[in-house]
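Undergrad: Need coordinates for the below:
(one chain, ligands or ions: 2)
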Amino acid sequence: MSEILLKAIGVRKYFPIKGGISGRTLGYVHAVDDVNLTIYKGETVGVVGESGCGKTTLGRVILDLIEPTTGALFYKPDEASVNQLEGLYTELTANGARELKKEEKKILGTTKDNIYKSRSKRKDFRSRVQIVFQDPVSSLDPRMLIKDVIAEPIRINGVPKEDGTNDGTGARVRLRGEVANKYVLDIVTEMGLNEDHLYRFPHEFSGGQRQRIAIARAIAVKPEFIVLDEPTSALDVSVQAQILSLLKNLQKKYNVTYMFITHNLAVIRAVSNRVIVMYLGKIVEEALTDELFEFPIHPYTQALISAIPIPDPTFKRQRLVLSGDVPSPANPPSGCRFHTRCRFAKEICSTEEPKLKEIRAGHIVACHFAEEILKTETSSSGIKKTRETAK
Ligand SMILES: Nc1ncnc2c1ncn2[C@@H]1O[C@H](COP(=O)(O)OP(=O)(O)OP(=O)(O)O)[C@@H](O)[C@H]1O
Ligand SMILES: [Mg+2]
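TA: Ligands and ions are numbered 1, 2, ... in the order given. Okay, here's the model as predicted:
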């Protein structure tokens, strides 16, 4: 198994819902609810799910841009501490989630290795990670020239010494004057822009160019990890392909790890090594990309995949239409959150929450009937069969 870059344990983010004249808290939006996540060095992990399922919130929490309600975040943890933490967490949650006791918190949450709790870890971590948003119009300061947009993070965070791939030693230098200008010019050239572009404002560019600028700004500090939050969703298909190929090249060159958030499964399939499927704040399925698309097990993943259009009129695939609306994350359904829309739902699904378990090698699913679904899918009806007969 490759090296762990980032590990999030028991992460929850509940947003308070305020109301009334007094502004009391009436409830909570369960945007991210008890998520355990491991990201390996050098991979692209795709995060997919419907609007509102908590993808952006998860991305922000694991970059330490917003404070989680509970949970711990570790960057490049050593193996022994990972095992200890996971063991402890499993023990704590064996009988359902509950309030952590003080001494338990100490090990899981408030150790100095937890980025959420350590000022020095936090500062170092933030200089190693970046985020790129869907809409560069709102993420780029409209009053700044492009050269300053890109130079700003370099001035604040510096760049890794040797000015090459981030070697992880953490030594950084701040660039100034001519050296900084030359550095910025090299970066924009690499993004397919040129020197004239440096003296323009963000509104003077097309959507695709603006996204190149946002990527230049992120890559300029030579980060080790970038969260790409729907980076191509606002672009037309040809520009989308160019940006995806640019991101792939940058990944190879700078050895950077990506978390790629999108609701577009075709994009996820093209860019990710591994995919995480979210539903109402929870991870419901996780597998390597080919495995997930060949053997989607969770009924929700199956429905998502069955909705991908196939550009071949002779190819017929059973279309699984999800009935009902997405329930409110302020009041998620009991038991399995998906049971209100699931074609396989039985009584147990509304009372007992299914735990994530490994169904095939490296393929984890949270569904009471995962094994049975896998069996039927690979034998009689279902997506897999439909796909095979259509070939
Ligand atoms: N700052 C906030 N305050 C209150 N609620 C929030 C806040 N940010 C997000 N939410 C709520 O949390 C839930 C998850 O939102 P999030 O933006 O993470 O979803 P998403 O999966 O990224 O959706 P999309 O695909 O539309 O970007 C939603 O119900 C949203 O309304
Ligand atoms: Mg989002």
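Undergrad: what does this protein have sitting close to ligand 1?
TA: 15, 29, 31, 49, 51-57, 263, 329 (C-beta under 6 Å from any ligand atom). For glycine as for every other residue, the C-beta is placed from the backbone atoms N, C-alpha and C.
Undergrad: Can you turn the buried part of those into a ChimeraX selection?
TA: Selection of buried members from the residues of the chain next to ligand 1 for ChimeraX, criterion 16 or more other C-beta atoms under 10 Å:
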select :15,29,31,49,53,54,55,56,57,263,329
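Undergrad: In the residues of the chain next to ligand 1, find the pair that's most separated.
TA: By the measure C-beta to C-beta, 15 and 263 form the most distant pair in the residues of the chain next to ligand 1, at 20.3 Å.
Undergrad: low pLDDT regions in the stretch 201-350 of the chain?
TA: For the stretch 201-350 of the chain, the stretches with pLDDT under 70 are 310-317.
Undergrad: Smallest gap between it and ligand 1, at which residue?
TA: Of all residues in the stretch 201-350 of the chain, the one sitting closest to ligand 1 is residue 329 (4.5 Å; C-beta to the nearest ligand atom).
Undergrad: mind listing what that residue touches?
TA: Listed by C-beta atoms under 8 Å, 6 or more residues apart in numbering, the contact set of residue 329 reads 29-31, 52-54, 280-281.
Undergrad: can you rerun that using 7 Å?
TA: Taking C-beta atoms under 7 Å, 6 or more residues apart in numbering, we find residue 329 in contact with 29-31, 52, 280-281.
Undergrad: separation between the closest residue to residue 180 other than its chain neighbours and residue 217?
TA: Leaving aside its sequence neighbours, residue 180 sits nearest to residue 151 (C-beta to C-beta, 6 or more residues apart in numbering; 5.8 Å). Using C-beta to C-beta, to the nearest Å, we find residue 151 at a distance of 9 Å from residue 217.
Undergrad: So for these two, which sits in the more crowded spot?
TA: A direct count of neighbours by other C-beta atoms under 10 Å for residue 151 and residue 217 places residue 217 higher, at 25 against 22.
Undergrad: count of residues packed around the nearest residue to that one once chain neighbours are set aside?
TA: Excluding the flanking residues, the one nearest residue 217 by C-beta to C-beta, 6+ apart is residue 150, at 5.1 Å. When counting by other C-beta under 10 Å, one arrives at 28 neighbours for residue 150.
Undergrad: those strands in the stretch 201-350 of the chain, which residues are they?
TA: Listed in chain order, the strands found in the stretch 201-350 of the chain under DSSP state E, counting those that start in this stretch are 225-229, 257-261, 274-279, 282-288.
Undergrad: In the protein, which helix is the longest?
TA: Longest helix of the chain, by residue count under DSSP state H: helix 237-254.
Undergrad: now the angle from that helix to strand 225-229?
TA: 170 degrees (axes from the mean of the first three to the mean of the last three C-alpha atoms, to 10 degrees).
Undergrad: Can you spell out which helices and strands pack onto helix 237-254?
TA: For helix 237-254, the elements it packs on are helix 207-219, judged by 3 or more C-beta pairs under 7 Å, 6 or more residues apart in numbering; DSSP states H and E.
Undergrad: Which strands and helices lie in contact with the helix it packs on?
TA: If you count contacts as 3+ C-beta pairs under 7 Å, 6+ apart, helix 207-219 packs onto strand 129-132, helix 136-139, helix 146-157, helix 177-190, helix 237-254.
Undergrad: Out of the ones you listed, which one sits most buried?
TA: Most buried of the helices and strands packed on helix 207-219 by mean neighbour count (mean count of other C-beta atoms under 10 Å) is strand 129-132; its value is a mean of 23.
Undergrad: Can you tell me the strand partners of that one and which way each runs?
TA: Strand pairing for strand 129-132, using DSSP bridges, gives strand 225-229 (parallel).
Undergrad: What are the contacting residues of the partner strand?
TA: Under the contact criterion C-beta under 7 Å, 6+ apart, strand 225-229 has outside partners 5-6, 56, 59, 63, 128-134, 218, 247, 256-261.
Undergrad: okay, the angle between it and strand 257-261?
TA: Here strand 225-229 runs at an angle of 10 degrees relative to strand 257-261 (the same axes, to 10 degrees).
Undergrad: Now do the buried residues in strand 225-229.
TA: For strand 225-229, a neighbour-count test (16+ other C-beta under 10 Å) marks 225-229 as buried.
Undergrad: Please apply the same query to stretch 350-359.
TA: Quick answer for stretch 350-359 (16+ other C-beta under 10 Å): 353-354, 356, 359.
Undergrad: Tabulate those residues in CSV, adding columns for secondary structure, pLDDT and distance to residue 177.
TA: Below are the buried residues of stretch 350-359 laid out as CSV (DSSP: H, G, I helix; E, B strand; the rest coil; pLDDT from 0 to 100; distance: C-beta to C-beta, whole Å):
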residue, secondary structure, pLDDT, distance to residue 177
353, coil, 94, 58
354, coil, 96, 59
356, coil, 94, 52
359, strand, 94, 57
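Undergrad: ok, of those residues, which one's closest to residue 299?
TA: Nearest to residue 299 out of the buried residues of stretch 350-359 is residue 354 (C-beta to C-beta; 11.3 Å).
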